[in-house]
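In: quick one: sequence plus predicted model below, questions after.
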Amino acid sequence: MVKAQNPTGDPVAQQGHAGVLDTRVSRRSVLKAAGLGAGAAALATVPVAAASRKGATATGAGRMNQVMGGTIRLGAFEGGLVDGLLPWKSFGQEFFWNWSAQPLVSIAPDGSILYDLATGFEVSEDGLTYTFSLVEGATWHDGTPVTAADVAFTYNTGLKVGAGSNVAGRIAPIKGSEAVVADETLDAEGIRVVDDLTVAFDLTQPNAQVLPNLFAILRIAPAHVFEGVAPADYATTDYAIGSGFIGSGPYKVTEFAVGEFVNLEPHAGYVNGMGYSGPPAAEKVSIRMYNDAEAQVLSTQSGEVDFNYIRKPSGDKLTLLKAIEGMQAQQSLVGFNIFFSVNLHSPSAPLLKDKRVRQALVWALDRQLLVDDVLGGVFKVPDIMNHWIAPWANADDLERYHPQNVETAKALLAEAGWDPSVTLDVRHYPPTLDPDVPVIMSMWEAIGVKGTLTPLPDDTFLADFYEDKDLTTPEDDGPRYDIAFVYGFGTLDGSPWGPDETLGSTRVYPNGFNSMRFANKEWDSEFAAALLATTQDEQATHFQRCSQIFNDELPYAPIYQRVDYAVVNQKLKGPESAVITHPAAGGVHYWEWYVEA
């Protein structure tokens, strides 16, 4: 059994520059004991396993001599996309959950672990069992104690599509998950309550990414809130729609208007596995939601918020944001892409299934011109198409598809037999057209590819982009577009590839986010083999083959490396210690944020 030590004492004094414990778990000892080999110690930066001392006492020492208080006013663009607050139906709710709910652990971009509801965990010698110790004294916002039964309920419910889940694919490594997916009246045999403060998870096989891709993702829900409620009705509960949301995080809901705002006040009974106990630093938190990027920028300029996370601003917008008096623009180098996705299932033009056509669409683009002249120099043309992957997990021989080569694009289309009279159904998100999309369309027209542009509305984005276009038939009929411009695929946690949920052939919504319906048996096989490999060198062999397949097939095409900005009131303390302030990034001490008097 692997059991590492998590330092105790003053959590603030122990923080490193990343705003998390500046202590890295020994991957070499952990992986060796977990049956993954000592050579895997360098596997990305995300620890596969670690354990802190059980029963660590929360002291509240994290306050030290800080002058705390104030109302933190936040802006959240994701508010226009949120489809309820069930933690097993995850899509953009992090802006809210970060303040009100807790996972077992979270992972910072540098691979450090933030212990949230868990004080630590142990991994069996064969790497098949993860046993988490919960922090003592944690309570839900209604005063009910948090127990291991709540954790088991959350993970079991996450396997049930009938309960609204879209995370079953992430929980699939747990033993017995297939049986629950087949019969949702069951619970997984691999999810075990040991006692009130201990929960164990048995895996079907060792998995090198189970910590960041499973245990650090799912927020824990209070089982007692759902007692007597049919799983099909979970989405209509007051908990799910926000007005009755009960979490265990540092702040609790006082007011909630769907798509408009959330007001929260301190949870006096808050504790976490980092040794913190008591109410958080700020007096209140108020979150304003936007479903329009322009409104978000205007709100920031008018001084309505202390913190606004601005996704992929253009150069012009960034200039405006940097000019706001009393605010500073903090760069957030997310591991995400701005990309276009291709329907590989049932496009109106079947030749989109031919990889030569997809390659031609990328060769046609002058991405440097788009970055510098159209978007104001904020973004970056990726060094390689899969730039977000850890360098050792990428092959050395990948085609960059840059600089632009119109003649190569035309030749590939001719080889594929492309018909220039075809008009593609091209969708775009956000629904307000970004300035680069029309320019891209003109570049495609120059090689003989035409399309009509249609926005993907906020309120139907999930259905339009991910779901089956015909839900009346039992089989998957594919997505509702030929090509869609969106943003987001990638990884924030430092793992070499992230999960397989965007490229795995079985990971179609709600079991994942494979919007393209990409199905490549070799990619699936190589990715699965990488998770079982016992050394980094062995893993690299499989991951690098995955990178070659992706780079050749281009089921989706990263156009730019995305750069976001957090625009922060200079009196707001806390964001400066976070490497990435994207709401989905882990390892951020939100309970320590406050507004200076």
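Out: Happy to help now that I have it.

In: from what I can see residue 210 touches residue 171, true?
Out: No - applying C-beta atoms under 8 Å as the test, residue 210 and residue 171 come out as separate, 10.0 Å apart. C-beta here means a position set from N, CA and C on the backbone, and glycine is covered the same way.

In: which of the two has more residues huddled nearby?
Out: residue 171 (26 against 23; other C-beta atoms under 10 Å).

In: measure that one to residue 102 for me?
Out: The gap separating residue 171 from residue 102 is 18 Å, by C-beta to C-beta, to the nearest Å.

In: wait, is residue 452 part of a helix?
Out: No - membership of residue 452 in a helix is not supported by DSSP: H, G, I helix; E, B strand; the rest coil, which gives strand.

In: what's the distance between it and residue 353?
Out: On the measure of C-beta to C-beta, residue 452 and residue 353 end up 20 Å apart.

In: what about those two, which has more around it?
Out: residue 353 (15 against 11).

In: so where's the chain uncertain?
Out: Applying pLDDT under 70 to the chain flags residues 1-67, 78-82, 335, 490-499.

In: biggest helix in it by residues?
Out: helix 536-553 (DSSP state H).

In: contacting residues around the next helix or strand after it?
Out: Later in the chain than helix 536-553, the nearest helix or strand by DSSP states H and E is strand 556-561. Applying C-beta atoms under 8 Å, 6 or more residues apart in numbering, the external contacts of strand 556-561 come out as 337-342, 358, 361-362, 365, 367, 370-371, 375, 379-382, 385-388, 436, 440, 489, 502, 515-516.

In: please check these and keep the buried ones.
Out: Buried by 16 or more other C-beta atoms under 10 Å: 337-342, 358, 361-362, 365, 367, 370-371, 375, 379, 381-382, 385-388, 436, 440, 489, 502, 515-516, out of those.

In: which ones among these are found in strands?
Out: Here DSSP state E is the test, and these give 337-342, 489 as lying in strands.

In: save those as JSON lines, and put in distance to residue 205 too.
Out: JSON lines is the format used below for those (distance: C-beta to C-beta, whole Å):
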{"residue": "337", "distance to residue 205": "30"}
{"residue": "338", "distance to residue 205": "35"}
{"residue": "339", "distance to residue 205": "31"}
{"residue": "340", "distance to residue 205": "35"}
{"residue": "341", "distance to residue 205": "31"}
{"residue": "342", "distance to residue 205": "32"}
{"residue": "489", "distance to residue 205": "26"}
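
In: identify the farthest-apart pair in these.
Out: Greatest spatial distance in those: 338 and 342, 15.0 Å, computed using C-beta to C-beta.

In: quick revisit: quick one: buried residues of the longest helix of the chain?
Out: Residues of helix 536-553 classed as buried: 536, 538-540, 542-551, 553 (neighbour count, 16+ other C-beta under 10 Å).

In: helices or strands next to that helix in the packing?
Out: helix 355-363, helix 521-532 (3 or more C-beta pairs under 8 Å, 6 or more residues apart in numbering; DSSP states H and E).

In: check which helices and strands the shortest one sits against.
Out: If I follow you right, that is helix 355-363. With contacts taken as 3+ C-beta pairs under 8 Å, 6+ apart, helix 355-363 sits against helix 406-416, helix 536-553, strand 556-561.

In: need the overlap of contacts for residue 210 and residue 171.
Out: With C-beta under 8 Å, 6+ apart, residue 210 and residue 171 have no common neighbours.

In: so what's the nearest residue to residue 89 once chain neighbours are set aside up against?
Out: Excluding the flanking residues, the one nearest residue 89 by C-beta to C-beta, 6 or more residues apart in numbering is residue 164, at 4.7 Å. Contacts for residue 164 (C-beta under 8 Å, 6+ apart) come out as 84, 86, 88-89, 231, 234-235, 240.

In: got it, and residue 591?
Out: 62, 249-250, 270, 272, 276, 280-281.

In: okay, now residue 376: neighbour count?
Out: Neighbour count for residue 376, taken as other C-beta under 10 Å: 16.

In: quick check: it vs residue 77, distance?
Out: Per C-beta to C-beta, residue 376 is found 19 Å from residue 77.

In: farthest-apart pair in the contacts of residue 591, please.
Out: 62 and 249 (15.1 Å).

In: what's around residue 182, how many residues?
Out: Neighbours of residue 182 using other C-beta under 10 Å come to 8.
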